[in-house]
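1. Sequence below, structure please.
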Amino acid sequence: MHRRTETLDRYLGPTRRAMEDLYSILGVPRTASTKDITTAFRKLARKLHPDVNPGNATAEGQFKRVSAAHDVLSDPERRAAYDEFGELALQPGFDLQAARQQRDWQRQRHRAAPPAAGGFGAADAAFEHFDLGDLLGSRFGWPGRSRPAKGDDLHAIVELELAQAIRGTEVTVNLRDDRVCGDCAGTGFRPKAGAERCPHCRGTGRQEVAHGQLRIASACPACGGHGGPVQVCPSCAGRGKLGSPRSVTVRIPPGADDGSILRIPRKGAQPSGSGQPGDLVIETRVRPHPLFVRDGLDLHLRLPVTLDEAYDGAHVEIPTLTGKVRVRIPPGSQSGSRLRLRGKGVGRGGQKGDLIVELQVRLPERRDERLAEALRNARTAYAESPRQAFEGIGSRR
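-> Take a look at the predicted model:
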């Protein structure tokens, strides 16, 4: 067994510094709230989504990076583990409790046993037998308590009409179910039959990288871990992935908003091994409505009324997204007055918004001298000038 005398703290430090920080990918500080993280993700997702950038491999790669970063940082438990252990916490089979126990145990032993004359103390000697495979799973080829790999999450954008978003609806999402090719492990290549061994790893397919006195085994970069010259994988034609188009019917619950995120468990990509499928992550986009404007759970509607309806009052029929209703316009209503219809807004999670109707008094389009004369005579009906509050403002003394 190779000596693993470097402490866990020494190993974790350079690993965290070398990785691409998930917070930087989303452009948010480490102190960002979950809401800020989701807002940043939605902004980037709208810009980078493959539907917006068809055929742009760079944008697709960036979209996958921001999606993966959001999946981790939007989950409080995964975010806490990532903040504590960095990239190691993202590896399959990572055991948070085991990592903490090993770290705390190492620190206690290190404090209890100062370095000996040779430069390493009893704590370092004991740490020599600590197998990082329990924490890293199969990342470096070490046996450990790794769980079966989970398939990738798939992302889709679904456009809805406002009425569909409010009532809920079923939509069909077309996906391409790519999964890692099992014959080439996603590399796109397979070893040539009867070919000579790779000179870099001597046919082992592995190389060792030293971190201080800690030596870590990883796949040989020259042969991709195959141990010798390779050929294009015939199963996937060098893509490294297998898959075919498929459709998934998804129920959008009532009350979806523009930018809502819906996660459908186990409807994502299939893994290459025996693990469970990833999730299907759906973002809803709600098209603007010609009459209604949504504000949270409330809906707003502008209602044109005639002069006589505003002055004398009236009962008028108005539309809602669930059918027509009659409302009463109180006598003497001013333009801009609001009527609130309780429970006629958006319903979600046991709550129900309101429909707020704003009155807009409209003058007749056609000129009529009799109406003009009547309106001039109506000036005597005002108790005071409607611009009474303006008097004295802005005048010079």
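
2. residues in contact with Ala69?
-> 22-23, 25-26, 41 (Cβ atoms under 8 Å, 6 or more residues apart in numbering). Any C-beta I mention is one placed from the backbone N, CA and C, and that applies to glycine too.

3. Could you identify the most distant pair in the residues you listed?
-> Pairwise distances across the contacts of Ala69 peak at 11.7 Å for Tyr23 and Phe41 (criterion: Cβ to Cβ).

4. more crowded one of the two?
-> Phe41 (24 against 18; other Cβ atoms under 10 Å).

5. before we move on, back to that, output the contacts of Ala69 as TSV; include the columns secondary structure and distance to Leu299.
-> Listed next are these as TSV, based on DSSP: H, G, I helix; E, B strand; the rest coil; distance: Cβ to Cβ, whole Å:
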residue	secondary structure	distance to Leu299
Leu22	helix	38
Tyr23	helix	37
Ile25	helix	37
Leu26	helix	32
Phe41	helix	27
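
6. Please convert the residues you listed to JSON lines, extending it with distance to Thr320 and pLDDT.
-> Shown next, in JSON lines, are the contacts of Ala69 (distance: Cβ to Cβ, whole Å; pLDDT from 0 to 100):
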{"residue": "Leu22", "distance to Thr320": "44", "pLDDT": "91"}
{"residue": "Tyr23", "distance to Thr320": "44", "pLDDT": "92"}
{"residue": "Ile25", "distance to Thr320": "43", "pLDDT": "91"}
{"residue": "Leu26", "distance to Thr320": "39", "pLDDT": "92"}
{"residue": "Phe41", "distance to Thr320": "34", "pLDDT": "90"}
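
7. and of those residues, the nearest to Glu77?
-> Leu22 (14.7 Å).

8. Wait, the closest one touches Ser74, no?
-> No - Leu22 is beyond contact range of Ser74, at 10.6 Å (criterion: Cβ atoms under 8 Å).

9. So those two - more neighbours on which side?
-> More crowded of Leu22 and Ser74, by other Cβ under 10 Å: Leu22, with 24 against 17.

10. any idea how far the nearest residue to Leu321 once chain neighbours are set aside is from Arg302?
-> Excluding its sequence neighbours, the residue lying closest to Leu321 (Cβ to Cβ, 6 or more residues apart in numbering) is Ala163, at 4.9 Å. Distance of Ala163 to Arg302, computed by Cβ to Cβ, to the nearest Å: 18 Å.

11. what's the distance between Asp75 and Arg263?
-> Distance from Asp75 to Arg263, by Cβ to Cβ: 10 Å.

12. Gln62 now?
-> 21 Å.

13. before we move on, what about Gly255?
-> For Gly255 relative to Arg263 (Cβ to Cβ), the value is 16 Å.

14. more neighbours, the two?
-> Gly255 (19 against 13).

15. For Glu369, give its distance to Leu307.
-> From Glu369 to Leu307 the distance is 16 Å (Cβ to Cβ).

16. Surely Glu170 forms part of a strand?
-> Yes - counting by DSSP: H, G, I helix; E, B strand; the rest coil, Glu170 is part of a strand.
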